[in-house]
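[1] starting from these lines, generate the structure:
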Amino acid sequence: MLETIKIIILSAVHGLTAVLPVSSLAHFSLLKEVFGFTEENFNTPFYYSLFSLGTALALYLYFFRMHSNIVGNMFKSKTKIENEKQQAYKTAGKNIVLSLIPLAVLIIPISKSSFFGSLSTYFLSEGSLIFVGIASIFCAILMFISFWYMNQKRKKKNLLSSKDAITFGIYQLPAYIFPGFSHVGIGASRTAVSDIGVKNILKETYLYLAPSYLLVNLFRAVYYGVSAEGINLTGAIVGFIVSLVLSLVVLTTVNYFTKKTYTVFCVYTLIFGVAVTVTAVIQMFV
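    Numbering: from 1, shown residues only. You can find the predicted model right below:
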């Protein structure tokens, strides 16, 4: 019973952090150590992937109308496009497909027999705290740079270009392998330097993140769950639902995203990274 409660708490923390510019896997790894879960008694890759799948579904549910319009217009011929709005959805659909190209690289990382696969499995299973801290600091630096860029007086646009979409996908690769790199944080950093208006930064980030987040975590949940033993089925099912619901709750608040809140997330990610790094160093020498 206590184990189930701990797993549900982990899912709640994931649901609250996964759609914010902070690393959900970093918080997950840290709390997992506090709860005393180890590689031997806790299938971290499965639980984290399952809870991430809940968040991915939350993204699709919350932005259902937008995704429906994109799917409905991306396959239309130019002659059937009636207005600029439909053209924008068609362009977004094409660019989302382009952003998925880097996912092909993840076929190698997910494989157990590869070097990158070993890294992915290690950090999902062990979650080296010192790396979590360093990665969080690096992510915070990227966010601060993008914040500076965002404050420059440039003409704002509403959509990512094809080049922006591909590089967005490339930026996501380290977030799928290493804890500490926030999917939303590093994605927002890339979106912000594309001259997207501050009010659209997170919305565009979610739009391009959702497909890869869904596909990768669905693959991982099946990959790590099929042959795994000792999975707490109750905790997994309830945790999935909790992560989905809390992600939806948080998504309702991001409409108020401003430069001020972006600054708060930048500072928080930096402080979190420094605190975790110092804690990990102390543990190494004590």
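[2] which residues of the stretch 1-150 of the chain score low on pLDDT?
    For the stretch 1-150 of the chain, residues meeting the criterion pLDDT under 70 lie at 39, 79, 105-128.
[3] buried residues in the helix or strand containing Thr4?
    Assessed by DSSP states H and E, Thr4 sits inside helix 2-17. Residues of helix 2-17 classed as buried by neighbour count (16 or more other Cβ atoms under 10 Å): 6-17. From N, CA and C alone the C-beta is placed, and that goes for glycine too.
[4] tell me the one of the residues you listed nearest Leu30?
    Val13 (9.2 Å; Cβ to Cβ).
[5] list the residues that contact the closest one.
    24, 27-28, 31 (Cβ atoms under 8 Å, 6 or more residues apart in numbering).
[6] apply 10 Å and report the result again.
    Shown in contact with Val13 (Cβ atoms under 10 Å, 6 or more residues apart in numbering): 24, 27-28, 30-32, 51, 242-243, 246.
[7] one more: Leu160?
    Shown in contact with Leu160 (Cβ under 10 Å, 6+ apart): 91-92, 95-96, 98-99, 166-168, 190-191, 194-196, 200, 204-205, 207-208.
[8] is it true that Ala275 touches Ser136?
    Yes - applying Cβ atoms under 10 Å as the test, Ala275 and Ser136 come out as touching, 9.1 Å apart.
[9] have a look at these two and say which one is more surrounded.
    Ser136 (29 against 13; other Cβ atoms under 10 Å).
[10] ok, the more buried one touching Cys266?
    No - contact criterion Cβ under 10 Å: Ser136 and Cys266 do not qualify, at 11.3 Å.
[11] overlap of the contact sets of the two?
    Common neighbours of Ser136 and Cys266 (criterion: Cβ under 10 Å, 6+ apart): Gly185.
[12] now Ile231, nearest residue through space, not along the chain?
    Spatial nearest neighbour of Ile231, excluding adjacent residues (Cβ to Cβ, 6 or more residues apart in numbering): Asn43 at 6.0 Å.
[13] look up phi and psi at the one you found.
    Here is the backbone geometry of Asn43 (degrees, to the nearest 10): phi -90, psi 80.
[14] number of nearby residues for it?
    Residues contacting Asn43 under the criterion other Cβ under 10 Å number 21.
[15] what's the answer for Leu25, then?
    Residues lying near Leu25 (other Cβ under 10 Å) number 28.
[16] what's downstream of the helix or strand harbouring it, the next helix or strand?
    Applying DSSP H and E as the criterion places Leu25 in helix 24-34. Going down the chain from helix 24-34, the next helix or strand is helix 44-62, by DSSP H and E.
[17] would you mind writing the CA trace of that next one as PDB?
    Coordinates of the C-alpha atoms in helix 44-62 are reproduced here as PDB (Å, rounded to 0.1, in the frame of the first residue of the first chain):
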ATOM      1  CA  THR A  44      11.900   3.700 -13.500                       C
ATOM      2  CA  PRO A  45      11.800   3.700 -17.300                       C
ATOM      3  CA  PHE A  46       8.400   2.000 -17.400                       C
ATOM      4  CA  TYR A  47       6.700   4.300 -14.800                       C
ATOM      5  CA  TYR A  48       8.200   7.500 -16.100                       C
ATOM      6  CA  SER A  49       7.300   6.600 -19.700                       C
ATOM      7  CA  LEU A  50       3.700   5.700 -18.600                       C
ATOM      8  CA  PHE A  51       3.200   8.900 -16.700                       C
ATOM      9  CA  SER A  52       4.700  10.900 -19.700                       C
ATOM     10  CA  LEU A  53       2.200   9.100 -21.900                       C
ATOM     11  CA  GLY A  54      -0.500  10.500 -19.700                       C
ATOM     12  CA  THR A  55       0.900  14.000 -20.100                       C
ATOM     13  CA  ALA A  56       1.100  13.500 -23.900                       C
ATOM     14  CA  LEU A  57      -2.600  12.600 -24.000                       C
ATOM     15  CA  ALA A  58      -3.300  15.700 -21.900                       C
ATOM     16  CA  LEU A  59      -1.600  17.800 -24.600                       C
ATOM     17  CA  TYR A  60      -3.800  16.300 -27.300                       C
ATOM     18  CA  LEU A  61      -7.000  16.600 -25.200                       C
ATOM     19  CA  TYR A  62      -6.300  20.300 -24.200                       C
END
